[in-house]
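J.: here is the input, now give the coordinates:
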Amino acid sequence: MIYTAIDNFYLTDEQLQNSPSRKDGIDEATEITLRIYGCDLIQESGILLRLPQAVMATGQVLFHRFYCKKSFARFNVKKVAAGCVWLASKLEESPRKARQVLIVFHRMECRRESLPVVYLEIGSQKYHDLKTDLSRTERHILKEMGFICHVEHPHKFISNYLATLETPPELRQEAWNLANDSLRTTLCVRFKSEVVACGVVYAAARRFQVPLPENPPWWKAFDADKSGIDEVCRVLAHLYSLSKAQYIPVCKDGDSFTFSSQSKDSQSQPVSKELPQASPTANTELASAAVNPESSGSKDALVRVAIDKLKETKKSDDEPKNTSLDGQAREESIQKSNPEHRTEASRERNKEREKERERERDREREDRSKARDHDRGRDSDRERDREEAERDRDKVRDRNHRSKDRGKDIGGHLGKSRHHSSRDRDYRSSSYSSREKDRHRHHSYA
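T.: Sure, this is the predicted structure:
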C-alpha cells in the first residue's frame, strides 16, 4: 500500500490573497463570484447526469485546488468545471462519457445565457473541438494536482459526531446541507475535514438552538479548535449574504459550449459556385467595367453587364444551360444586393443538403439491409446443402448396414445347412452299420 501526503493542498490566508488570479489583476469579489459560479455548474451538471453527491463534492474540491494554482484569466471557468466533473466521476467510480458531459454543459449554458437550445451534433467540428478541450483540461488538472487526487469530505464525520453528541435527528439534515454549501467556498483548501465538520455541526446546533457540552469543550474530542469553528461559521454566513453568482468574462479564451455569432455567420454563408469561363474579350470588358465604376453607375449595373456578356459568349449552348446560368446569376445578384436573401438562400441550400444526406443515409440503410438479407439467404442455402449432404450420407450408411446384415444372415443359414447335412450323413452311416450288424447276426444263427 502506498500512502501519499495530502496536507500540501491546504493553504494559508496569505497564500489565498496572493493567488494567481490576483496577480493577473482580478479582485477578490470577482474571484469569489467565479468560484461560486463554477461550483454551481458542477452541482447542477451532477444532478442532470444523475451522479451521487460524492462525485459533485470531489469535483468542487478539485475545482478550488486547481484555481489555487492557476488563474481565472488563463483558464475558462466553464471548461474547468466540465473537466472536474468528468475527472471526479472517474475517481468516485461513477464514470460518465465525454459526450454526456459536453451535451449537459452545452444545454446549461444555453439556458443560463437565454439562448435558443440547440442540440450539439456529435459529428460536428464544434463537438470535436469541445472534446479536445475537455481532455486537455483534464490533463491540466491532473498535472497541477501532481496526479494526487485523494479527497476527504466532512460528510463522513458528521454522522459520527452527531451520534456521539446525542443530538436530535433533524439536526443531521441541516448539518449535511451546510456541508454541501461549504464546498462553494475555499474552506476545503484552508481547513481539514474534521474542522469543517465541527463548524457545520456548531452552525446547525445554533440554528436549531440545541445546546452542546462546553465543559469540557466538545470540539477538543474531535481534533478541532474554536478559532477554526468560528471561521467556518463566518464564511458560511458571508456565503448566504451574497446574491446568485453570475458569469464574469475575465478569461482570454472566451465563452465555450455555445456557438458564437461569427461561427453562425460563417456557416450561413453559401458556397461560391464556379461560373463557366468566358471569352477573353468578355473578361477584359468585365475588368474595365470593374475598374471604372462610374461608367456603370452601381453594382447592379455591373452585374447586369456581366450577365449580358455571359449570354453572348454562350449563345451556341443549349437553352437549359442558358436558363440555369441566368437563374444563378440572378440569384447571385439578389444575394449581393440583399443580405437577407443571402441568408434565406443559404438556409434553403442547407436544408436541401440535409435532405440529400438523409436520402443517402436511407439508401445506405436499404443497401445494408439487402446485403444482410442476401447473406442470410446464402447462409440458408448453405445450411440446406449441408442437410442434404448429411441425409445422403445417412442413406449410404443405412444401405451399407443393411447389406452387412443381409450377408450375415446368408452366412448363418449356409452354416446351419452344412451342419444339418453332416448330421444327416452321420445318422445314415450309423443306421446302415446297424442294419449290416443285424444281418450278420441272423446269418450266424442260421
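J.: which strand or helix spans Arg363?
T.: helix 339-445 (DSSP states H and E).
J.: nearest residue to Asp225 in space, please, no chain neighbours.
T.: In space, and not counting its chain neighbours, Asp225 is closest to Trp219: 7.0 Å by Cβ to Cβ, 6 or more residues apart in numbering. C-beta coordinates here come from the backbone N, C-alpha and C atoms, glycine included.
J.: who are the contact partners of that neighbour?
T.: Counting by Cβ atoms under 8 Å, 6 or more residues apart in numbering, Trp219 makes contact with 198, 202, 225-226, 229.
J.: could you measure from it over to Arg99?
T.: Applying Cβ to Cβ, to the nearest Å, the value for Trp219 to Arg99 is 46 Å.
J.: how about Ser193?
T.: In terms of Cβ to Cβ, Ser193 sits 34 Å off from Arg99.
J.: and the two? Which one has more around it.
T.: Ranked by neighbour count (other Cβ atoms under 10 Å), Ser193 and Arg99 place Ser193 first, with 18 against 14.
J.: distance of that one relative to Leu102?
T.: As for Ser193, its distance to Leu102 is 32 Å (criterion: Cβ to Cβ).
J.: same thing with Val151?
T.: The gap separating Val151 from Leu102 is 24 Å, by Cβ to Cβ.
J.: which one's more surrounded, these two?
T.: Using other Cβ under 10 Å as the criterion, Val151 and Leu102 rank with Leu102 on top: 22 against 19.
J.: which strand or helix spans that one?
T.: Using DSSP H and E, Leu102 falls within helix 98-112.
J.: for that helix, which residues meet the burial criterion?
T.: Buried positions in helix 98-112, judged by neighbour count with 16 or more other Cβ atoms under 10 Å: 100-110, 112.
J.: for it, enumerate the helices and strands it packs against.
T.: Contacts defined by 3 or more Cβ pairs under 8 Å, 6 or more residues apart in numbering; DSSP states H and E place helix 98-112 against helix 28-48, helix 77-91, helix 125-145.
J.: just the helices in the stretch 101-250 of the chain please.
T.: Secondary structure of the stretch 101-250 of the chain (DSSP state H, counting those that start in this stretch): helices located at 125-145, 155-165, 170-182, 193-208, 226-241.
J.: quick check: which of those is buried the most?
T.: Per residue and on average, the most neighbours among the helices of the stretch 101-250 of the chain fall to helix 193-208, with a mean of 22 (mean count of other Cβ atoms under 10 Å).
J.: and for that one, what's in contact with it?
T.: With contact meaning Cβ under 8 Å, 6+ apart, helix 193-208 is reached by 152-158, 161-162, 165, 167-168, 170-171, 174-175, 178-179, 182, 187-188, 191, 210-212, 219, 222-225, 228-233, 236.
J.: tell me the mean pLDDT for it?
T.: Mean pLDDT, helix 193-208: 92.
J.: please apply the same query to stretch 18-34.
T.: Averaging pLDDT along stretch 18-34 yields 92.
J.: quick one: contacts of that stretch?
T.: 17, 67-74, 77, 242, 245-248, 250.
J.: wait, which of those is closest to Asp385?
T.: Closest approach to Asp385 among these (Cβ to Cβ): Val77, at 67.5 Å.
J.: what's the burial count for that closest one?
T.: Counted with other Cβ under 10 Å, residues neighbouring Val77 total 24.
J.: in space, what's closest to it - neighbours in sequence excluded?
T.: The spatial neighbour of Val77 that comes closest, neighbours along the chain excluded (Cβ to Cβ, 6+ apart), is Gly38 at 4.7 Å.
J.: burial count for Ala221?
T.: Neighbourhood size, Ala221 [other Cβ under 10 Å]: 13.
J.: same deal with Asp385?
T.: Neighbour tally, Asp385, other Cβ under 10 Å: 10.
J.: and the one 10 residues further on, by the same measure?
T.: When neighbours are counted by other Cβ under 10 Å, Lys395 registers 10.
J.: state the distance from the spatially closest residue to Asp253 that is not a sequence neighbour to Arg206.
T.: Once flanking residues are discounted, Asp253 sits nearest to Asn76: 4.6 Å by Cβ to Cβ, 6+ apart. According to Cβ to Cβ, Asn76 stands 39 Å off from Arg206.
J.: cool, Pro213 as well?
T.: For Pro213, the distance to Arg206 - Cβ to Cβ - is 15 Å.
J.: using TSV, lay out the helices and strands packed on helix 98-112 together with distance to Asp398.
T.: Listed next are these as TSV, based on distance: least, Cβ to Cβ, whole Å:
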stretch	distance to Asp398
helix 28-48	70
helix 77-91	65
helix 125-145	66
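J.: against Cys251, how distant is the residue lying closest to Ile248 once chain neighbours are set aside?
T.: In space, and not counting its chain neighbours, Ile248 is closest to Thr30: 5.6 Å by Cβ to Cβ, 6+ apart. Relative to Cys251, Thr30 is positioned 12 Å away (Cβ to Cβ).
J.: identify the contacts common to those two.
T.: Both Thr30 and Cys251 are contacted by Phe72, under the criterion Cβ under 8 Å, 6+ apart.
J.: more neighbours: which of those two?
T.: Shown here are Thr30 and Cys251; by other Cβ under 10 Å, Cys251 has more neighbours (19 against 15).
J.: helix, strand, or coil at that one?
T.: Three-state assignment for Cys251 (DSSP: H, G, I helix; E, B strand; the rest coil): coil.
J.: give me the neighbour count for the residue lying closest to it once chain neighbours are set aside.
T.: Distances taken as Cβ to Cβ, 6+ apart place Asn76 nearest to Cys251, at 4.5 Å, with adjacent residues excluded. When neighbours are counted by other Cβ under 10 Å, Asn76 registers 22.
J.: Asn76 and Thr132, how far apart?
T.: Asn76 is 14 Å from Thr132, by Cβ to Cβ.
J.: likewise for Asp367?
T.: 33 Å.
J.: which stretches of the protein aren't confidently modelled?
T.: 1-8, 254-256, 258-342, 375-380, 405, 407-446 (pLDDT under 70).
J.: residue ranges of each domain in it, please.
T.: Split into domains by automatic domain parsing, the chain comes to 1-259, 267-337.
J.: of all those, which lies closest to Glu387?
T.: For those, the distance to Glu387 is smallest for domain 1-259, at 45.7 Å, taking Cβ to Cβ.
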